[in-house]
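J.: Got a predicted model here, sequence first, then my questions.
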Amino acid sequence: MAGNSTCFLAGGVEPNESLEEGLKREIKEEAGLDVKKAKFLFEQENQLPGDPMTGYPNEHYFLIKNFSGKPELGGPEKERMDIQNQYSLEWVDLGKLEAKGNLYPQRALQELIVFLRTKK
């Protein structure tokens, strides 16, 4: 991974699971990586109704500072993938993040960019 690269993954927190436990599980399931150290960045109100089972109605963003393993797509995304529904893991240089055009929600993307540029 390059020094200023970014990876976005999304996932849910299961009942009786902390945010950190959910983060580690989802990253392992979806990207094949073991999170060693993560830093909470910010929380954003979810545009959709929250999940009453988990008690986490908002979106939570983390910066993963240390991980091990080889990035490899897995989980439901890999299972759902077909010719018309593609998923891929990609490291994106911070300078090219805004130009991607397919990262949502835009507010979270902008907050993440500001955070990464000002609070390293």
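T.: Everything's here; your move.
J.: Show residues contacting stretch 60-79.
T.: With contact meaning CB atoms under 8 Å, 6 or more residues apart in numbering, stretch 60-79 is reached by 7, 19, 23, 26-44, 81, 87-89, 91, 108, 111-112, 115-116. In this view, the C-beta of every residue, glycine as well, is placed from N, C-alpha and C.
J.: Determine how far the last residue of it lies from the first.
T.: In stretch 60-79, first residue to last residue: 25 Å (CA to CA, to the nearest Å).
J.: what about it, distance to the chain center?
T.: Remark: stretch 60-79 is offset 8 Å from the chain centroid, using CA atoms, centre = their mean, to the nearest Å.
J.: Tell me the pLDDT of Q86.
T.: Looking at Q86, its pLDDT reads 82.
J.: roughly how far apart are it and L19?
T.: 29 Å (CB to CB, to the nearest Å).
J.: Buried ones among the contacts of stretch 60-79?
T.: Using 16 or more other CB atoms under 10 Å as the burial test, the contacts of stretch 60-79 include 23, 26-33, 35, 38, 41, 108, 112 as buried.
J.: secondary structure element for E14?
T.: Here E14, judged by DSSP states H and E, is contained in no helix and no strand.
J.: That one: neighbouring residues, count only.
T.: 13 (other CB atoms under 10 Å).
J.: Tell me which of the buried ones among the contacts of stretch 60-79 fall in helices.
T.: Cross-referencing those against helices under DSSP state H gives L23, E26, I27, K28, E29, E30, A31, A108, L112.
J.: State the three-state secondary structure for the spatially closest residue to F40 that is not a sequence neighbour.
T.: Excluding the flanking residues, the one nearest F40 by CB to CB, 6 or more residues apart in numbering is F62, at 5.7 Å. Classification of F62 by DSSP: H, G, I helix; E, B strand; the rest coil places it in strand.
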